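Student: Here is a sequence with its predicted model. Questions after.
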Amino acid sequence: MCWYALADQQKPKVTILATGGTIAGAAATGTQSGYTSGAVTIDAMLAAVPGIDKIATVKGEQVANVGSQDMSFDILLKVAKRINAIAPNADVNGIVITHGTDTMEESAYFLNLTAKTDKPIVMVGSMRPSTAVSADGPLNLYNAVGVAADPKAKGRGVLVVMNDQIHAAHSLTKTSTTAVETFMSPGRGLVGVASYGKNDWYNSPIWKHTTQSEFDISNVTQLPRVDVIFADVDMPGDLIDASVAKGAKGIVIAGVGNGNMNKAAVDAASRAAKSGVIVVRASRVPTGLVGRNVELDDDKLGFIASYELNPQKARILLALALLKQRSLDDIQKLYDMY
Ligand SMILES: NC(=O)C[C@H](N)C(=O)O
């Protein structure tokens, strides 16, 4: 199908929910590396993308305007609720969310578990601010709208479109602090590629998401506290004690290797587990999975293995899981399914 031949009434309708990020960032000149995130509105961003109105009828809503380092559960709950409110409307064929890249992966994963629609939901950001020479935001936004308008994007959960690539929320991770090709999906590969509004599809995510997800945030206003603690050489176990003392209901260890940690940390984590805090072992290593009972005896220690989820996504799943009472077995099963 040639997108450019679409008459107005045939054009897919895409709503953009804008939250900020570098894609909405601005600097005083086109060649400086310092800039302010979340400084440009969605209307100004759309005005910088020539031809976007040829592939879809696009409407923008400003939900927030923050750098994604300041993304919060408050804003994410607002975005998820807004998606769930507008997705059933006949004049919404797809939804795009503009977002900073720093925490894009966990926000994508959160929305993947809490949005209740089969319609395409596509997140997009940029690595260069809107004022930069060769800003990457306008083409990323064009491609994101092209994916959100594509019926083949339906039912694949939340997707992230950056640098011509289509990633699944479960698998993508940020790998470079500054490069435009920062996102990769190391374990599972790309869902597809996007090129000037046309897409090639390779894969569908195998994990439960959106309409099959059991997580319902319609009445949720706050998430339980879950902390991520980074494991390294000679780490002090009292970091874990401090997290418990501060009221964490769950702790994710960004473990060494296969989700491991030194004896001081294992002792503190098993104390935490005995007191009812849920301890999940993830890994600070970017590829491979954390298996159950491999180097540590999870059955005996009362720990959960994160399998393929990195620490930041393991935290999102645990925070949602802890919205209701569940057994350790049931929580472990969630890491298998989601
Ligand atoms: N490239 C970016 O978007 C980085 C920015 N700090 C953000 O996440 O909002």
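Tutor: Perfect, thanks for sending it.
Student: Which residue comes closest to the residue in the stretch 101-250 of the chain that the ligand sits nearest to once chain neighbours are left out?
Tutor: Relative to the ligand, the nearest point of the stretch 101-250 of the chain is residue 102 (3.3 Å; Cβ to the nearest ligand atom). From N, CA and C alone the C-beta is placed, and that goes for glycine too. The shortest distance from residue 102 to any residue other than its chain neighbours is 4.6 Å, reached at residue 68 (Cβ to Cβ, 6 or more residues apart in numbering).
Student: so how far is the ligand from the one you found?
Tutor: As judged by Cβ to the nearest ligand atom, to the nearest Å, residue 68 and the ligand stand 3 Å apart.
Student: Kindly report the same for residue 274.
Tutor: Residue 274 is 38 Å from the ligand, by Cβ to the nearest ligand atom.
Student: One more: residue 284?
Tutor: 20 Å.
Student: Tell me who's in contact with that residue.
Tutor: Each residue near residue 284 by Cβ atoms under 8 Å, 6 or more residues apart in numbering is listed here: 230, 231, 232, 254, 255, 256, 311.
Student: Count the residues that sit near the nearest residue to residue 126 once chain neighbours are set aside.
Tutor: Spatial nearest neighbour of residue 126, chain neighbours left out: residue 137 (3.5 Å); criterion: Cβ to Cβ, 6+ apart. Neighbourhood size, residue 137 [other Cβ atoms under 10 Å]: 26.
Student: cool, residue 89 as well?
Tutor: 11.
Student: what helix or strand is it on?
Tutor: Assigned by DSSP states H and E, residue 89 falls within no helix or strand.
Student: Model confidence score at it, please.
Tutor: Confidence at residue 89, expressed as pLDDT, is 98.
Student: go on, the one 4 residues further on?
Tutor: For residue 93, the model assigns a pLDDT of 98.
Student: Now do the contacts for the closest residue in space to it that isn't next to it in sequence.
Tutor: In space, and not counting its chain neighbours, residue 93 is closest to residue 12: 4.1 Å by Cβ to Cβ, 6+ apart. By Cβ under 8 Å, 6+ apart, the contact list for residue 12 reads 55, 56, 57, 93, 94, 148, 149, 150.
Student: Using JSON lines, lay out these together with secondary structure and distance to residue 164.
Tutor: JSON lines is the format used below for the contacts of residue 12 (DSSP: H, G, I helix; E, B strand; the rest coil; distance: Cβ to Cβ, whole Å):
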{"residue": "55", "secondary structure": "helix", "distance to residue 164": "15"}
{"residue": "56", "secondary structure": "coil", "distance to residue 164": "18"}
{"residue": "57", "secondary structure": "strand", "distance to residue 164": "23"}
{"residue": "93", "secondary structure": "coil", "distance to residue 164": "22"}
{"residue": "94", "secondary structure": "strand", "distance to residue 164": "18"}
{"residue": "148", "secondary structure": "helix", "distance to residue 164": "15"}
{"residue": "149", "secondary structure": "coil", "distance to residue 164": "16"}
{"residue": "150", "secondary structure": "coil", "distance to residue 164": "14"}
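Student: Which strand or helix spans residue 251?
Tutor: Residue 251 belongs to strand 250-255, assigned by DSSP H and E.
Student: ok now the following helix or strand past that strand, how far from the chain's centre?
Tutor: Using DSSP H and E, the helix or strand that follows strand 250-255 towards the C-terminus is helix 263-274. Centroid separation for helix 263-274 versus its chain: 29 Å, with Cα atoms, centre = their mean, to the nearest Å.
Student: How many neighbouring residues does the residue of the chain found nearest the ligand have?
Tutor: The chain approaches the ligand most closely through residue 100 (2.0 Å), counting by Cβ to the nearest ligand atom. Residue 100: 24 surrounding residues under other Cβ under 10 Å.
Student: and residue 104, what does it touch?
Tutor: 21, 68, 123, 125, 160, 172, 174, 183.
Student: try residue 247
Tutor: residue 225 are the contacts of residue 247 under Cβ under 8 Å, 6+ apart.
Student: With adjacent residues omitted, what lies nearest to the residue nearest the centre of the chain?
Tutor: Nearest to the geometric centre of the chain sits residue 108, at 2.3 Å (Cα atoms, centre = their mean). Once flanking residues are discounted, residue 108 sits nearest to residue 169: 3.8 Å by Cβ to Cβ, 6+ apart.
Student: Please tell me which one of the contacts of residue 284 counts the most neighbours.
Tutor: Most surrounded of the contacts of residue 284: other Cβ under 10 Å gives residue 255, at 27 neighbours.
Student: Hmm, that residue is touching residue 282, no?
Tutor: Yes - using Cβ atoms under 8 Å, residue 255 is in contact with residue 282, at 6.4 Å.
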